[in-house]
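S.K.: Build the 3D model from these lines:
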Amino acid sequence: MPRRPAVGAARFLALTAALILRAVTRLDAQFPGELAGQVVNAATREPITDARIEAAGSGIAVVSDASGRFRLRGLPPGEWEIHVTAIGFRPNRARVVVGDGTVTQRAFELTPAAATLDPLEVVAARPIPEVGTSVLQRADLEATNAQDLPAVLAGQAGVTVTRRGGPGSQATVSIRGSAAHQVLVLLDGVPLNDVTSGQADLSTIPLEQLERITIVRGAAAARYGPRALAGALILERRRASRTEASGTGAIGPWGERNGRASASAVFRRGGNRLGVSANAALSRSTGNFEFAQDPVRGGGTARRKNDQGRTASLLLGLRAAFGGTFAEIRGDVLDLRRGVPGSIVQPSALAHQQQRRAGVGLTAGYATPLGDGLRADLQVGEDRVHYRDPAPPSAPPYHDTTTVRLVRAAVSANRRLGGARWTAGAEGRWLELRSSTLVADAPSMVRVTSGWLQMRTQRSFGEWMAGLTTDLRIDHDDQVGGARLSPAVGVFAGTDRLSLQLGWAMAYAPPTLADRFFQPGVLARPNPDLRAERVLSELQAQVTLPSVRLGAIRSSTSVSAFRADVDGMILWSPNFRFVWSPDNYDVRRSGMEVSTAVTLPVGGLTLGGSVSRVAVEYRGPVLSGQVVYRPRLTASGTIGATVAGMQGSVQYRYVGRRRTVPGSDLNTLEPFGTLDCQLSRRLSDRAGLTLTLGVDDFLDRSPAMLPDYPSAGRTWRISLSARTGEPAESPSAAP
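M.R.: Okay, here's the model as predicted:
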C-alpha cells in the first residue's frame, strides 16, 4: 500500500511526458522549411540577377539579388518542384526535398538562350557603332587612377587639353583642332559651356562623380545640341546601382591635398528597387611652383605666384524603380575658389575667382523589355562666378560678377517601328543672365528651343551586319535669330572582325556673348556683327578591326579620316592698329586618326596608342596655313603591366608645333612630349585597399600649350583608396 502513491506519480509523469512529446512532435511537424541558394550562368558561372524562383503550386516565389542569391521561406516540409526562370535563359526545373524547420541549400544553373517573339525575332545583335565615337565606362575611369577629368581626356585620340597652370587650374578641351567653344560639354544633359565665353572649364567637374564619358568627334555631335561644331563630351554622373562605399586620400607637391568619398545603398523588394547615393570631394593646392623662363623673357627661373585653389563638391541622388517605371531626383553643389595669376608677362598677384554652382534635377519615365520607353527631365540651377583684382598690372581695378539661372525641360520617347528604332524629343532651355563684364545692351535672356528625330536600323546578312542611322535636329536660338537645321547620316557594315563606317553631318555654333558684347579694354574691341559658325558639310570614314587574335595575343585597331568646311569660324587677330578683335574666317579642317590596343599573355601586358594629324587651315584670300595654336600632330602611347601583384603604367604624350601668328610661322612654338608614370598595389582584398604612386611629366619638360602660361613640370602624388560593397551590376537598360 505505501508504494501506490509513488506508482501513481510515476504513471502521471509518464502520461504527462507522452502527451508533451506528442504535442511537440505534432508542432515540429508543422514548422515550415526554407530553400536557399544561388542562381548562376551555366556558361560563365557568373551570378544571375532578378531570376525568379518559385515553388510550383504554392504561390511562394522570390527574385534573386545582385549576387544571384535567394531565400525561399515558408515552405511546408516535403518534396517540391522548383521553377527557376530569367530573361535570356532557358527555364530550369528541379525537385527538392525541404526538411522540417530546416534550411535546404541548392544551387541552380541556367543556360543562355536567344529569346523569340512571334512574329518579331529578338536576337543579341551588336549595337550600331557611331563613327568617331568612343565610350569610357566607370571601370575605365577607375583603372586610370587619374587625378582629374582633363588627365583622362588628354590621352584620347583627336583630343587636346589646354591647362592654364598647375593643379586645379582652368582646363579646356579641343577636338580635332577646334576652339574650346566649339566643343559641347553636357553633364546629365545640361550644357556646362559658359554662356558668355562658350567654353567649358573641365577642372570644375569632379572625376569621381562620373559614371560614363562619351566622346563624339565631328559635326555629328550636333544631335546633342548647338555648339557641337567639332564634337561633344557627354558626361553621365553616377547613380546608385549597388550598395558600396569608397574613399580616397591623396597628397602632392605645392600643398596639394585631395579627399573624396562616396557611398550608395540599394534596397530591393521583388522587382522594385530604391537607391540612394552621396558623393563628396575636396581638393586644395597652394600652387606657386617654379618654372624656367623663356630666353625672350629674360631666362633663368621664376616662381609662379597666386596659383592656389580650393574646390569642394557634393552630389546627392535618390532613384526608385518599380518594374519598368523609374523616377529620380538629384542635387549638386560646387564651391570653387582660386587665384588667377594671369600671364607671366603681366602677372596678377591679387586676382581671384570664386564660383558657386548649385542645381536640382528630376527625371521620370518607363521602359519596356524591348527598349520602348518615355523619359522626361527637368533641371534648374544657378551658376555665379565672381572675379576681382584690386591692383591689376595694366588696367584699372575690377570687381565683376556673372550670374546665370538655368531652367531646362526635355521629353523624349523611344519606339520600335517597322524594324527600326525611332527616338523623338523636344527640349527648351531658358537662361537668365546678369553680368557686369558685358556692355549694357547685351542680352539678359537666352532661349533655345529644340526638337529632334533619330532613326536606327540594322539587318543581318549571314555573318555581316549592316546598319543605317539618321539624325535631324532643329534649334531655334535667340543668338542667331532663327531656326537652324543640323542633319546627320551614317552607314555601317561589318562583322566581328571588320567594320566600315561612313558619316555625313552639318552643325552650327552661335557666336559667344563675350565676343560680341564684352567691355572694351586696352587694345581689345568686341564685334557685335559676328555671324554663327557653320559646318556646311563634314565627311567621316572609319575602318575598325575590333578583335584580331594571333595565338594568345589580342589587338584592336581603328583608322578614321575626316574633312569639314567651316564657314565663319570665330578667331581673334589684330588689325592694322594692333587692336585685337574677333572676326569670322572660313576654315577647312581635315585629317586622320589611328588608335590601337594590344593585350599580351605575359604579365597582363597591354599596349595602346593613338596618332592624330589635323590640318586646320584658312580658306580665305588673305591668310593661309595652319590656324594659330592648333598642333598638326598629336600622339600618345601607353604601356601597362602587372608584376608581383603590382600594376604599373607609363604614358607618353606628344604635341607638335603650333603657330602663334596668323598666316606666319614667326615665333612658332616648339613641340613637346611628357612622360607620366604610375604604380599601384592592392594592400588588402577584403577592404579593397590600394596604394598608388604617380609621377607626371617625369622628364620635367614643363609643357605649355599656350605661351606665357607655364605648367608645373614634374609632379608627384600618393593616394590611398578603399572600396567595399557588392559586385558590379550590368548597366541599366532604362532610358
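
S.K.: Name the nearest residue to G725, ignoring sequence neighbours.
M.R.: Spatial nearest neighbour of G725, excluding adjacent residues (C-beta to C-beta, 6 or more residues apart in numbering): E244 at 2.6 Å. Glycine gets a C-beta too; all of them are placed from N, C-alpha and C.

S.K.: Check R717 too.
M.R.: Nearest to R717 is G252, by C-beta to C-beta, 6+ apart, at 4.1 Å.

S.K.: Run a quick neighbour tally on that neighbour.
M.R.: 21 (other C-beta atoms under 10 Å).

S.K.: what's the answer for G428, then?
M.R.: When neighbours are defined as other C-beta under 10 Å, G428 has 15 of them.

S.K.: Quick check: can you name the pairing partners of the helix or strand hosting it and their directions?
M.R.: Assigned by DSSP states H and E, G428 belongs to strand 420-435. Using DSSP bridges, the strands paired with strand 420-435 are strand 398-417 (antiparallel), strand 445-461 (antiparallel).

S.K.: hmm, back to that, how about the contacts made by the residue nearest to G725?
M.R.: By C-beta atoms under 8 Å, 6 or more residues apart in numbering, the contact list for E244 reads A263, S264, R723, T724, G725, E726.

S.K.: For the first one, name its beta-bridge partners.
M.R.: With DSSP bridges applied, the residues forming beta bridges to A263 are A245, A278.

S.K.: burial count for it?
M.R.: A263: 17 neighbours (other C-beta under 10 Å).

S.K.: if we can go back for a sec, and the residue nearest to R717, what pLDDT?
M.R.: With respect to pLDDT, G252 has a value of 92.

S.K.: Going forward, the N-terminal residue is numbered 128.
M.R.: Shifting the count to begin at 128 puts that one at G379.

S.K.: Got the domain ranges for the chain?
M.R.: Domain assignment of the chain by automatic domain parsing yields the ranges 140-237, 260-359, 360-852.

S.K.: tell me how far the ends of the last one are from each other?
M.R.: The reference is to domain 360-852. One end of domain 360-852 to the other measures 30 Å (C-alpha to C-alpha, to the nearest Å).

S.K.: what's the residue closest to the geometric middle of the chain?
M.R.: I340 (2.4 Å; C-alpha atoms, centre = their mean).

S.K.: and the host helix or strand of that one, what does it pack onto?
M.R.: Applying DSSP H and E as the criterion places I340 in strand 337-344. Strand 337-344 sits against strand 260-264, helix 265-271, helix 276-280, strand 358-364, with contacts defined as 3 or more C-beta pairs under 8 Å, 6 or more residues apart in numbering; DSSP states H and E.

S.K.: by contact count, what packs against whichever strand in the chain runs longest?
M.R.: With secondary structure taken from DSSP state E, the chain has its longest strand at strand 680-701. Helices and strands touching strand 680-701, by 3+ C-beta pairs under 8 Å, 6+ apart, are strand 660-677, strand 707-726.

S.K.: Identify the neighbouring strands of it in the sheet and state each direction.
M.R.: Here strand 680-701 has these sheet partners by DSSP bridges: strand 660-677 (antiparallel), strand 707-726 (antiparallel).

S.K.: Okay, buried residues for that strand please.
M.R.: With burial defined by 16 or more other C-beta atoms under 10 Å, the residues of strand 680-701 counted as buried are S682, S685, S687, F689, A691, D692, V693, D694, G695, M696, I697, L698.

S.K.: Bridging across strands, which residues link to the closest residue to the fifth one other than its chain neighbours?
M.R.: Counting by C-beta to C-beta, 6+ apart, the nearest residue to A691 once its immediate chain neighbours are dropped is E665, at 3.6 Å. On the basis of DSSP bridges, E665 takes part in beta bridges with A632, A691.

S.K.: how near is E665 to G358?
M.R.: According to C-beta to C-beta, to the nearest Å, E665 stands 11 Å off from G358.

S.K.: rewinding a little: out of the contacts of E371, which are buried?
M.R.: Neighbour-count burial (16+ other C-beta under 10 Å) applied to the contacts of E371 gives A390, S391, G852.

S.K.: out of the strands paired with strand 680-701, which comes closest to H513?
M.R.: strand 707-726 (24.6 Å; C-beta to C-beta).

S.K.: Show the subsequent helix or strand relative to the closest one.
M.R.: Using DSSP H and E, the helix or strand that directly follows strand 707-726 along the chain is strand 733-745.

S.K.: counting contacts, what elements does that following strand pack onto?
M.R.: In terms of contacts (3+ C-beta pairs under 8 Å, 6+ apart), strand 733-745 is packed against strand 707-726, strand 760-770.

S.K.: Name the residues of that strand that are buried.
M.R.: For strand 733-745, burial by neighbour count (16+ other C-beta under 10 Å) applies to T733, G735, G736, S737, V738, S739, R740, V741, A742, V743, E744, Y745.

S.K.: show me what contacts G426?
M.R.: By C-beta under 8 Å, 6+ apart, the neighbours of G426 are Q420.

S.K.: ok so, going back, pick out whichever of the buried residues of strand 680-701 sits closest to T287.
M.R.: Taking C-beta to C-beta as the measure, T287 lies nearest F689 of these, at 15.4 Å.

S.K.: With L263 as the reference, measure out to the closest one.
M.R.: The spacing between F689 and L263, counted by C-beta to C-beta, is 21 Å.

S.K.: again, but for L677
M.R.: Distance, L677 to L263, using C-beta to C-beta: 27 Å.

S.K.: what about these two, which has more around it?
M.R.: L263 (18 against 8).

S.K.: Quick one, which of the strands paired with strand 547-562 gets closest to S440.
M.R.: Closest approach to S440 among these (C-beta to C-beta): strand 525-544, 17.7 Å.

S.K.: need the helices for this protein, in chain order.
M.R.: Counting by DSSP state H, the chain has helices at residues 131-156, 265-271, 276-280, 640-644.

S.K.: least reliable of those helices going by mean pLDDT?
M.R.: Looking at the helices of the chain, the bottom one is helix 131-156 with a mean of 47.

S.K.: what pLDDT does the closest residue in space to L199 that isn't next to it in sequence get?
M.R.: Leaving aside its sequence neighbours, L199 sits nearest to L162 (C-beta to C-beta, 6+ apart; 4.2 Å). Looking at L162, its pLDDT stands at 88.

S.K.: circling back to that earlier point, mutual contacts of E665 and G358, please.
M.R.: Residues touching both E665 and G358 (C-beta under 8 Å, 6+ apart): G345.

S.K.: Counting neighbours, what do you get for L663?
M.R.: 12.

S.K.: Now do it against P614, distance only.
M.R.: Computed as C-beta to C-beta, the L663 to P614 distance reads 11 Å.

S.K.: what residues do those two have in common as contacts?
M.R.: Residues touching both L663 and P614 (C-beta under 8 Å, 6+ apart) are M633.

S.K.: Out of the buried residues of strand 733-745, the closest to G775 would be?
M.R.: Nearest to G775 among those is T733, at 10.9 Å by C-beta to C-beta.

S.K.: Wait, the closest one touches G764, no?
M.R.: No. The pair T733 / G764 is not scored as a contact, 11.5 Å apart, by C-beta atoms under 8 Å.

S.K.: where's G444 relative to V770, distance?
M.R.: 39 Å.

S.K.: For I340, which non-adjacent residue is spatially closest?
M.R.: With C-beta to C-beta, 6+ apart as the criterion, I340 has its nearest non-adjacent residue at 4.3 Å, and that residue is L263.
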